[in-house]
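# Kindly generate the corresponding structure for this input.
(2 chains)
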There are 2 protein chains.
Amino acid sequence: MKLVVLGGDGFCGWPASLHLSNLGHDVLIADNLSRRSIDRELGTDSLTPISPIQTRIEAWEQISGRQLGYQHLDVAGDYGDLLQLLRRFEPDAVVHLAKLPSAPYSMKSARHKRQTVDNNLNATHNLLCAIVESGRDVHVVHLGSMGVYGYGDMGVDIPEGYLKVRIAGGDGRWVEREILHPTNPGSIYHVTKTQDELFFAYYNKNDELRITDLHQGIVWGTNIPETLCDERLINRFDYDGDYGTVLNRFLVQAAVGHPLTVHGTGGQTRAFIHIQDTVRCIALALDHPPAHGDRVRIFNQMTETHRIRDLAGMVAEITGAEISRLANPRVEAEENELSAQNRCLLELGLEPIRLSAALMREVTETAVRYRARCDFSKIPATSRWRQESPVRPSLSSDRARPGDLRVAR
Amino acid sequence: MKLVVLGGDGFCGWPASLHLSNLGHDVLIADNLSRRSIDRELGTDSLTPISPIQTRIEAWEQISGRQLGYQHLDVAGDYGDLLQLLRRFEPDAVVHLAKLPSAPYSMKSARHKRQTVDNNLNATHNLLCAIVESGRDVHVVHLGSMGVYGYGDMGVDIPEGYLKVRIAGGDGRWVEREILHPTNPGSIYHVTKTQDELFFAYYNKNDELRITDLHQGIVWGTNIPETLCDERLINRFDYDGDYGTVLNRFLVQAAVGHPLTVHGTGGQTRAFIHIQDTVRCIALALDHPPAHGDRVRIFNQMTETHRIRDLAGMVAEITGAEISRLANPRVEAEENELSAQNRCLLELGLEPIRLSAALMREVTETAVRYRARCDFSKIPATSRWRQESPVRPSLSSDRARPGDLRVAR
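Numbers count the residues shown, from 1 in each chain, chains lettered A, B, ... in the order given. Alright, predicted model coming up:
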């Protein structure tokens, strides 16, 4: 297949691009390298020493003998270039990761909120709009988020995208409908993911675009076999308060002798997936596109759920690290149950990497190996979800309790 | 109250501003005059001879003795100015109409789709973000659309924003939840309205902003008592294929001897409201803000529902006009039932202007009076919802049938 990977230089995009190339696909990466710019903005750096995109691509060609295309492209800003890319390269599918993908980053300040909204919504819309304008039949595979569902608000096992409900008809009968699962996003970043779903539903209805939306859990791990071939191919590993995902942060904290930072009670239950399963899921979704006329296909791309404090406990047990409880900067329930279905990807052949089996390897292969590169000052999470105001009445603390009917969608 | 009306030079914004000023509120209009720019882009003009905003404001001051503030402001683009306005003027509430408000305009081309998305989403988000940054306690009254609900897809009377549903729990019990009504928008313009709802829900949850979302039906009529005081105050009346609303288009077509243009079977049922009720509803919403801690308040701002062919029949009967059936440029169900609740505004005191009583007056006062200004060439609707493609498989014609489960949200 001819594939464009939008955001192919990022944490998920780079290993996905290599994996897809290794499977024999003709891959073109389009990226504006915004993740690297944000590292400069925040004064952060990947724990692993990542190479410039040009070096990455040269190394991959030397090692695999396969060509990787690269185009510097701002998907949200350079619509004309995006359209030209579709017309010239004629991809069978586009893997869409051209997002500002961090919840804490999206909440840092008004500027960060606005930048996330402007980039993420225009990027998704530009892609859909350009596919229609190009007239081409392109399968879109989008990296969405499990965070669109809220965390167990509906009180049922989270289905894959669509929820069967009953509605009271005027005549006392119950009308049965299948709807997009109501959303309850936990940050501006997650809000944009819920809005993406509405773009997808509309372009699927009006223009019959074929779309797969992968609602991904929190990714952990760093490398896949392809990124381990050569140090120039190594994937990024974020441990800072904005871009580090929770389990990866625990791993590096343990490796450098920093207490594991649990926010609040740690009773938040979240869905997880290993980076190696991420890239496999994308390949599976590409190999099994929806048929023409199908609705938007939604898969839950996660393999297990855990409470944050249980994860901290597992890491502490392996490494002997201490656990430190900090105030929670987020507006969210202190404790929640969460269970979600992931049958679709398992049926396509995914064999999940279990956290219990792979955790120790990740600790030694990455966190310990590169711990000398860790900047301690970047570990604390500094984004705050709320700004206290002298003018407005004080904000209540119980707004995000589980099953909050006022905000469920 | 101190009020800012964003988009206060437009079709709903101008009469709303005068009405609120006349009620004794201190009103400041902020507008980038984009509606006038679009008239130049499309080569269209209001049937009524509208004055420049400066003339309008001077005339109102002469006639009423009341000051109206005005600031040229692009809400989607000038975030810093918007924030300064909130800090300097210190409004109690903001009426938010700073949108590109036309479904056909939003579907004209890729550029128009992108412009609608970029303007409408950034405008709403900038406003919410600026209120949080300002730290002020500002009630937001937003003009939403009945079009967010889809047209009777759920098979029940459309409630005001929130729908009670039952969900099958794993243990055979039914879990009851109240959710935002699933959406099924009919154009890119309407998509942005469904996405606005998600912004509102989030800022209400995270920052406890007080928000009223008025889901408005299709507006008909032109003037209110305040805009009839002086010809310099007259409101705009659009009859072109992009901005003219269906009933106003029928009225001017009848006045100039053009057949009434019914798209498709005319079996589409829609919700309607007179412009005079629009401004009253906005005033009622402002007078009765939600309490701190309340969820987003949603009112259905409509007073009656009609089938398009029945409206054409009513106008034909009054005026003797012929009816002409044209191919439908939209992707939508040919026929649909629609009934919706509007109890909230009635309970606050709205006494609706009935179409049956006021239609004849509207024909003579506006359409006939200004018919010499009509440009016949602007009457046809030229936007097409779909672009045929030589590459993609031909699009099916039944995608938008009522109750289509694939797209309901």
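# does the longest helix along chain A come close to chain B?
Taking DSSP state H as the criterion, chain A has its longest helix at helix A:110-134. Yes. Counting by Cβ under 8 Å from any Cβ of the partner chain, chain B has neighbours in helix A:110-134: A:110, A:113-114, A:117-118, A:121-122, A:125-126, A:129-130, A:132-133. C-betas here are computed from N, CA, C, even on glycine.
# That helix to helix B:110-134, inter-axis angle?
Angle, helix A:110-134 to helix B:110-134, by axes from the mean of the first three to the mean of the last three Cα atoms, to 10 degrees: 170 degrees.
# I'd like to know the average pLDDT value across helix A:110-134.
The average pLDDT for helix A:110-134 rounds to 98.
# likewise stretch A:217-235?
Average pLDDT, stretch A:217-235: 96.
# Which strands or helices does the host helix or strand of residue A:212 pack on?
Using DSSP states H and E, residue A:212 falls within strand A:211-216. When contacts are defined as 3 or more Cβ pairs under 8 Å, 6 or more residues apart in numbering or on different chains; DSSP states H and E, strand A:211-216 packs onto strand A:139-145, helix A:188-207, helix A:275-287, strand A:297-301.
# Show me what counts as buried in it.
Residues of strand A:211-216 classed as buried: A:211, A:212, A:213, A:214, A:215, A:216 (neighbour count, 16 or more other Cβ atoms under 10 Å in any protein chain shown).
# got it, and stretch A:40-47?
Buried residues in stretch A:40-47, counted by 16+ other Cβ under 10 Å: A:42, A:44, A:45, A:46, A:47.
# Name the helix or strand for the residue nearest to the second one when sequence neighbours are not counted, please.
Which is residue A:44. Nearest non-adjacent residue to residue A:44, counting by Cβ to Cβ, 6 or more residues apart in numbering or on different chains: residue A:240, 4.5 Å away. Under the criterion DSSP H and E, no helix or strand holds residue A:240.
# hang on, the earlier thing: what's the strand holding residue A:212 in contact with?
With contacts defined as Cβ atoms under 8 Å, 6 or more residues apart in numbering or on different chains, strand A:211-216 is touched by A:139-146, A:148-149, A:160-161, A:196-197, A:200, A:203-204, A:273, A:278, A:281-282, A:285, A:289-290, A:296-302.
# what angle sits between that strand and helix A:275-287?
Per the same axes, to 10 degrees, the angle that strand A:211-216 makes with helix A:275-287 is 170 degrees.
# continuing past strand A:211-216, what's the next helix or strand?
Toward the C-terminus, strand A:211-216 is succeeded by strand A:218-220 as the next helix or strand (DSSP H and E).
# I would like the residues contacting that following strand, please.
Residues outside strand A:218-220 that contact it (Cβ under 8 Å, 6+ apart): A:11-12, A:146, A:245-248, A:251, A:270-275, A:278, A:355, A:362.
# Which members of the residues you listed occur in strands, if any?
If you go by DSSP state E, the contacts of strand A:218-220 have A:270, A:271, A:272, A:273, A:274 in strands.
# Just give me the neighbour total for the fourth one.
Meaning residue A:273. Neighbour count of residue A:273, defined by other Cβ atoms under 10 Å in any protein chain shown: 28.
# One more: the third one?
Counted by other Cβ under 10 Å, the residues lying close to residue A:272 total 23.
# From what I see, it and residue A:217 are in contact.
Yes. Taking Cβ atoms under 8 Å as the definition, residue A:272 is a contact partner of residue A:217 at 4.9 Å.
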